[in-house]
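> Structure of the sequence below:
(one chain, ligands or ions: 1)
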Amino acid sequence: MSFFSNLFRDIAIDLGTANTLIYIRNEGVVLNEPSIVARERNSGKVVAIGNEALLMHERTHPGIITIRPLANGVIADYEATEELIKGLIKKTRSRFSLGIRRMVIGIPSGITEVEKRAVHDAAEHIGAKEIYLVSEPIAAAIGIGLEFNEARGNMIVDIGGGTTDIAVISLGGIASGESLRVAGTDITNSIIRHFRKTYNMSIGERTVEEIKMQIGSAYKLDTEMTMTVKAVNIKSGLPEAMKVDSVTIREAIATPIGQIITSIKKTLEMLVVKPELSVDILDRGIFLAGGGALIKGIDKKIYEETKLAVHITDDPLTAVARGTGEILENIEKYRPVLHSSKRYALRIPG
Ligand SMILES: Nc1ncnc2c1ncn2[C@@H]1O[C@H](COP(=O)(O)OP(=O)(O)OP(=O)(O)O)[C@@H](O)[C@H]1O
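Presented below is the predicted three-dimensional model:
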C-alpha cells in the first residue's frame, strides 16, 4: 500500500435502525451508538449525534427535535442519515486522514434498488471513493465465522431494530429467506400500546428498552420477574411508579414474536424444494444475531416451534459490524457477495 493510500481510511458500517456501528480497518469495531440525530427546530442545525442525541430523545425541549433517520432498516430521512454517518465517523477520527477510501455498508436483504441507491448516495456524499453494500445476513454469517461460501446451508436470523433478516446461506448467496419489517421496534411499540390500553399510562421509549432488557421474554422463565417503572397517567397527567411482571410483558409482545417465528417457519418450508439444505439446517441448527437475539427465551421459543437447535451467537449486537469489517479487510475474497458501484468508484493508487 502506498504512502498516498495510507492517508485515506477504510471504514465498514452497520447502519442500523436502532444502532450504528463503525469498524475501522486495522482497528476493529470502534463505535456503537444509537442512530439518532438532534437538530435545532428553527435552524435545522445538527446539535448532537448518537449517544448525546439519545439523551435529548423524548425529553421535551421546545427548541430541539430528535430524529431516527432510519426506519425498518432503510433510510427514512436522507439528509439526517448523511449527518448521522458523517457525525459518527467524525467521532472515530484518531489520526489525520484525507478522507475515506473504501466503505462497506450492511443493508437489509430485502431492500429495493431505490433504497440501496439511497444508502450508496449517502456514502458517496460524505466522500467515500469505493462503496460496497452487503446483505446483513451474509455479513452476520461472516461475522460469526460461518463458512459463507460452502455448499452446505446455514440459517441466520438477524433480529434488529427495524427488520428481521432470515436467510439460508449457501455458496455465498441467499438460497431462501425473507426480510421481515417486524423487529425490536415493533416489540417496543407493543409494550407502549399495552401500557396505554391496559393501564391508561404513557411510557417512554427508554423505559421500554429497560423493560425489554430486564424482564422481556419470549418463553416462560424459570423464575418470573417483576420490575418497577415510571410512567405517566394519561388521565391525570401525573407520573406514577408501577410494577410490571415478565408474564404480562411476554403476552404483550407475543404478536411480533409470533410474526418473526412464522417467517422463520415459512423460510424453512420454502426449502422443501431444496431438501439437502433442509437437512443441513437440521444438522446445524439456526444461528441468531442482532439485538433481538438477546430477548430471554427466544431460542427456546424458536426451538419449540421448529424443533431445530438454536444458537445465540457471541455478542449478537456486533455480528453484522464484525462481518462488514472482515469483508473490508479482505475485499477481494468477498467481492462475489458485494454489490459495488463501479460507476462511481474512483481509483486511488495503492
Ligand atoms: N438485551 C436485550 N433484550 C431485548 N432486546 C434487546 C436487547 N438488547 C438490544 N435489544 C433490542 O435490539 C434492537 C437493536 O438491535 P440491533 O442493534 O441489532 O438493530 P439494528 O442493526 O439497529 O437494526 P436493523 O438491522 O433492523 O436496522 C433494539 O430494538 C433493542 O431494543
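
> Please identify the buried residues of stretch 133-151?
133-144, 146, 148-149 (16 or more other CB atoms under 10 Å). (Glycine included, C-beta is placed from N, CA and C.)

> Go through those residues and say which is closest to the ligand.
Glu136 (5.9 Å; CB to the nearest ligand atom).

> wait, what's in contact with the closest one?
14, 73, 106-109, 158, 160, 163, 165, 320 (CB atoms under 8 Å, 6 or more residues apart in numbering).

> make it 10 Å
By CB atoms under 10 Å, 6 or more residues apart in numbering, the residues touching Glu136 are 14-16, 73, 105-111, 143, 156, 158, 160, 163, 165, 167, 179, 289-290, 319-320, 323-324.

> next one: Ile156
109, 136-141, 143-144, 146, 148, 165-169, 174, 177, 286-290, 313, 319.

> how about the residues of the stretch 151-300 of the chain near the ligand?
Within the stretch 151-300 of the chain, the positions near the ligand by CB under 6 Å from any ligand atom are 160-163, 183-185, 209, 212-213, 216, 290-292, 294-295.

> how about the helices in the stretch 151-300 of the chain?
Here the stretch 151-300 of the chain has its helices, by DSSP state H, counting those that start in this stretch, at 184-194, 205-215, 246-252, 254-270, 275-284, 298-306.

> still on that earlier bit, I'd like to know which of the contacts of Glu136 are buried.
With burial judged by 16+ other CB under 10 Å, the buried subset of the contacts of Glu136 is 14-16, 73, 105-111, 143, 156, 158, 160, 163, 165, 167, 179, 289-290, 319-320, 323-324.

> In strands, which of those fall?
Among those, the subset assigned to strands under DSSP state E consists of 14-15, 105-107, 156, 158, 165, 167, 179, 289.

> Can you lay out those as CSV showing pLDDT and distance to Lys129?
Output for these, formatted as CSV (pLDDT from 0 to 100; distance: CB to CB, whole Å):
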residue, pLDDT, distance to Lys129
Asp14, 96, 20
Leu15, 93, 18
Ile105, 96, 14
Gly106, 94, 19
Ile107, 92, 19
Ile156, 97, 30
Asp158, 97, 28
Asp165, 95, 28
Ala167, 95, 29
Ser179, 92, 29
Ala289, 97, 30
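
> Next, Pro62: secondary structure please.
When classified by DSSP: H, G, I helix; E, B strand; the rest coil, Pro62 comes out as coil.

> quick one, what contacts it?
By CB under 10 Å, 6+ apart, the residues touching Pro62 are Arg41.

> Now do it against the ligand, distance only.
28 Å (CB to the nearest ligand atom, to the nearest Å).

> Which residues lie in contact with the nearest residue to Asp314 once chain neighbours are set aside in this structure?
Counting by CB to CB, 6 or more residues apart in numbering, Ile144 is the residue found nearest to Asp314 once chain neighbours are left out, at 7.4 Å. Each residue near Ile144 by CB under 10 Å, 6+ apart is listed here: 154, 156, 287-289, 311, 313-316, 318-320, 322-323.

> go on, Ile49?
Applying CB under 10 Å, 6+ apart, the residues near Ile49 are 20, 33-38, 80, 83-88, 90-91.

> and with 7 Å instead?
37, 83-84, 87-88 (CB atoms under 7 Å, 6 or more residues apart in numbering).

> Pull the number of nearby residues for the residue in the stretch 51-200 of the chain that the ligand sits nearest to.
Nearest to the ligand, among the residues of the stretch 51-200 of the chain, is Gly184, at 1.9 Å (CB to the nearest ligand atom). A count of nearby residues for Gly184, using other CB atoms under 10 Å, gives 26.

> same check, this time on the one 4 residues further on
Burial of Thr188, expressed as a neighbour count using other CB under 10 Å, amounts to 21.

> how much space between the residue lying closest to it once chain neighbours are set aside and Ile191?
Distances taken as CB to CB, 6+ apart place Val208 nearest to Thr188, at 4.9 Å, with adjacent residues excluded. According to CB to CB, to the nearest Å, Val208 stands 5 Å off from Ile191.

> repeat for Gly237
Counting by CB to CB, the gap from Gly237 to Ile191 is 21 Å.

> circling back to that earlier point, and the ones in strands among the buried ones among the contacts of Glu136, which is closest to Glu27?
Asp14 (15.3 Å; CB to CB).

> Test of understanding: give the bridge partners of that closest one.
Legend: beta-bridge partners of Asp14 under DSSP bridges are Leu21, Gly106.

> Am I right that it is in contact with Ala319?
No: counting by CB atoms under 7 Å, Asp14 does not reach Ala319; the two are 8.7 Å apart.

> what residue ranges in this protein score low on pLDDT?
Filtered on pLDDT under 70, the chain yields the residue ranges 1-6, 60, 94-97, 341-350.

> got the contact list for the residue sitting furthest away from the middle of the chain?
Farthest-out residue of the chain from its mean C-alpha position, per CA atoms, centre = their mean: Ser236, at 37.2 Å. For Ser236, no contacting residues are found, by CB under 7 Å, 6+ apart.

> can you give me phi and psi for the nearest residue to Leu171 once chain neighbours are set aside?
Using CB to CB, 6+ apart and skipping the chain neighbours, the partner closest in space to Leu171 is Ala151 (5.7 Å). With angles defined as degrees, to the nearest 10, Ala151 sits at phi -70, psi -30.

> returning to what we had before: please verify my assumption that the residue nearest to Thr188 contacts Asn189.
No: Val208 is beyond contact range of Asn189, at 8.6 Å (criterion: CB under 7 Å).

> burial count for Lys45?
9.
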